[in-house]
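*Asks:* predicted model follows, preceded by the sequence.
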Amino acid sequence: MSQKTILQQLDEVLAARKDEAADKSYVASLYAKGTEKILKKIAEESLEVAMAAKDHDNSQSEQDKEHLIYEVTDLWFHSLVLLAHKDISSEAITKELQRRFGLSGHDEKASRDA
Ligand SMILES: N=c1c2ncn([C@@H]3O[C@H](COP(=O)(O)OP(=O)(O)OP(=O)(O)O)[C@@H](O)[C@H]3O)c2ncn1[C@@H]1O[C@H](COP(=O)(O)O)[C@@H](O)[C@H]1O
């Protein structure tokens, strides 16, 4: 049997946290606070990604590259929490990425405008 990916493992944990108490789990505390709180975290993490990317533009350092990876991971994580809050698994996103794979962004936009 193939091993589960980290996204599949996280999907399971995020789903299980629906039955957990908010004081026992960070994810459960976000669910309890609701969509607005999760969106606020996503907005905060997006800003932190932007700042980390600009820092790396200026420094080109490995340390700032690591910091950017860390901040994007926070953003992905909180996006996954939002999806789980709405009973959507990461598989829905990987499937959508697969559907788009090989489809030029310019061509896709042109087909929309037609
Ligand atoms: N991957 C993560 C993960 N990444 C980041 N974080 C948390 O996200 C928060 C974001 O950092 P901030 O400094 O913005 O948070 P904060 O200041 O505490 O939050 P606010 O008071 O601003 O809301 C921190 O508390 C991090 O610990 C995560 N928390 C949990 N996970 C995964 O989710 C699983 C379930 O977590 P629990 O629900 O806490 O058991 C864990 O086993 C991990 O696999």
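*Replies:* Good, I have the coordinates.
*Asks:* what's whatever helix or strand residue 110 lives in in contact with?
*Replies:* Using DSSP states H and E, residue 110 sits in helix 105-113. Identification of contacts with helix 105-113 by Cβ atoms under 8 Å, 6 or more residues apart in numbering yields residue 100. Where C-beta positions appear, they are placed from N, C-alpha and C, glycine not excepted.
*Asks:* close to the ligand, is stretch 46-65?
*Replies:* No: for a cut-off given as Cβ under 6 Å from any ligand atom, stretch 46-65 has no contacts with the ligand; the smallest distance is 8.1 Å.
*Asks:* quick check: phi and psi on residue 29?
*Replies:* Here is the backbone geometry of residue 29 (degrees, to the nearest 10): phi -70, psi -30.
*Asks:* where does the prediction get shaky in the chain?
*Replies:* Residues of the chain that meet the criterion pLDDT under 70 lie in 1, 114.
*Asks:* next up, identify which helix or strand the most centrally placed residue in the chain is on.
*Replies:* By Cα atoms, centre = their mean, the chain has its centre lying nearest to residue 76, at 2.1 Å. Assigned by DSSP H and E, residue 76 belongs to helix 62-85.
*Asks:* cool, and residue 22?
*Replies:* For residue 22, there is no enclosing helix or strand under DSSP H and E.
*Asks:* so it sits against residue 28, correct?
*Replies:* Yes: Residue 22 sits in contact with residue 28 when judged by Cβ atoms under 8 Å, with a separation of 4.9 Å.
*Asks:* settle it for me: which of those two has more neighbours?
*Replies:* For residue 22 versus residue 28, neighbours defined as other Cβ atoms under 10 Å are more numerous around residue 28 (18 against 14).
*Asks:* residues in contact with that one?
*Replies:* Contacts for residue 28 (Cβ under 8 Å, 6+ apart) come out as 17, 18, 20, 21, 22.
*Asks:* how close does it sit to the ligand?
*Replies:* Between residue 28 and the ligand the computed distance is 6 Å (Cβ to the nearest ligand atom, to the nearest Å).
*Asks:* what parts of this structure come near the ligand?
*Replies:* By the rule Cβ under 6 Å from any ligand atom, the part of the chain lying against the ligand is 10, 13, 17, 25, 26, 27, 28, 74, 77.
*Asks:* brilliant, that's me finished.
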